[in-house]
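Peer 1: Pasted the sequence and its predicted model underneath.
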Amino acid sequence: MPELPEVETVRRGVEPHVLGRRIGQVTVRDARLRWPVPKNLPALLRGRRIESTSRRGKYLLLHLDNGDRLIVHLGMTGRLLVLQPGHPLRKHDHVDIELEGGVLLRYHDPRRFGAVLLWVAAEATHELLAGMGPEPFSEEFSGDYLFALSRGRSAPLKNFVMDGRVVVGAGNIYAAEALFRAGLRPGRAAGRVTRVQYQLLAEKIREVLAAAIEQGGTTLRDFAGADGASGYFQQKLYVYGREGEACLVCGTAIKRLVIGQRSSCFCPGCQK
Ligand SMILES: [Zn+2]
């Protein structure tokens, strides 16, 4: 399932191919994604120029010259491919967006949990983006922010940082690895973590996400025309999926805890 780093990697890979290009024909073969593709999407996109790209959480945004934004979400299995017009169709190729200059942007999604939607300029926000917490690389996100927000909360620390209203992008792997690097146990009450510990945790969350983005980027060299295969999490995993194995730092057996139906691995030696 694509997480924030993979979406950012896709954004960086797609951007140079789409910037400044005008949209031509748009074909929707199957509108039944998680949220239906709007019927008038082809008409609304046609003739518009793509001025910039951005990302909010796991939503990729293509900013158009009239202020509208095309929202693309990859769901569980979605891919946004940069191809040439006329590229052979495969099953699950749901949306094609032709751009001037011989570029085809193709949305492929076997499980159809993703989305291709329009956020019109007249609306200040889109319902899918409302209420999201800050971006991990924004100034707003810091140890002080986490500390202030967590006072009085008894929720397990891992749930707290995985809550998209607290911060976006700290998915299961990233949360587990950041907690290990910060020396904090996942089950600890969020309200009992100190300011200094949150400062370290905020830094580690950024660190694991940045490393994943950097590595994703290196797999993307042949993105254009390729089938979109990427290995976005190749950094060393200290705890995630390592139950019973020896900690790479202290040798203690990694333990697994179930918190809110998710398993959470941690090292009883390194994490307090
Ligand atoms: Zn350890």
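Peer 2: Received, thanks.

Peer 1: Which residues of this structure lie near the ion?
Peer 2: 247, 249-250, 252, 267, 269-270 (CB under 5 Å from the ion). For every residue, glycine as well, the C-beta is placed using N, CA and C.

Peer 1: Now list the buried members of those residues.
Peer 2: Using 16 or more other CB atoms under 10 Å as the burial test, these include 247, 267, 270 as buried.

Peer 1: Contact partners for the first one?
Peer 2: Each residue near C247 by CB atoms under 8 Å, 6 or more residues apart in numbering is listed here: 238-239, 253-254, 267, 269-270.

Peer 1: cool, and L209?
Peer 2: So L209 contacts 4-5, 136-137, 169-170, 174 (CB under 8 Å, 6+ apart).

Peer 1: Which helix or strand in the chain has the lowest average pLDDT?
Peer 2: None of the helices or strands of the chain scores lower by mean pLDDT, DSSP states H and E than helix 195-218, at a mean of 90.

Peer 1: Quick check: buried residues in that one?
Peer 2: So, applying 16+ other CB under 10 Å, buried residues of helix 195-218: 197-202, 204-209, 211-213, 215-217.

Peer 1: Now the element after that helix, going C-ward?
Peer 2: strand 255-259 (DSSP states H and E).

Peer 1: List the buried residues for that next one?
Peer 2: K255.

Peer 1: what helices or strands is it leaning on?
Peer 2: In terms of contacts (3 or more CB pairs under 8 Å, 6 or more residues apart in numbering; DSSP states H and E), strand 255-259 is packed against strand 262-266.

Peer 1: can you put the residues of the chain next to the ion in CSV and add distance to D93 and pLDDT?
Peer 2: Output for the residues of the chain next to the ion, formatted as CSV (distance: CB to CB, whole Å; pLDDT from 0 to 100):
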residue, distance to D93, pLDDT
C247, 44, 98
V249, 45, 98
C250, 49, 98
T252, 48, 98
C267, 44, 98
G269, 49, 98
C270, 46, 98
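
Peer 1: nearest to T27, of those residues?
Peer 2: Within the residues of the chain next to the ion, proximity to T27 (CB to CB) peaks at C267, which comes in at 50.8 Å.

Peer 1: who are the neighbours in contact with that closest one?
Peer 2: Applying CB under 8 Å, 6+ apart, the residues near C267 are 180, 238-239, 247, 249-250, 252, 254-255.

Peer 1: how about a cut-off of 10 Å?
Peer 2: 179-180, 183, 185, 238-239, 242, 245-255 (CB atoms under 10 Å, 6 or more residues apart in numbering).

Peer 1: Drop anything exposed from those.
Peer 2: Buried subset of the contacts of C267 (neighbour count, 16+ other CB under 10 Å): 179-180, 183, 185, 238-239, 242, 247, 254-255.

Peer 1: For these, work out which two are farthest apart.
Peer 2: Among these, G183 and R242 lie farthest apart (CB to CB), at 16.5 Å.
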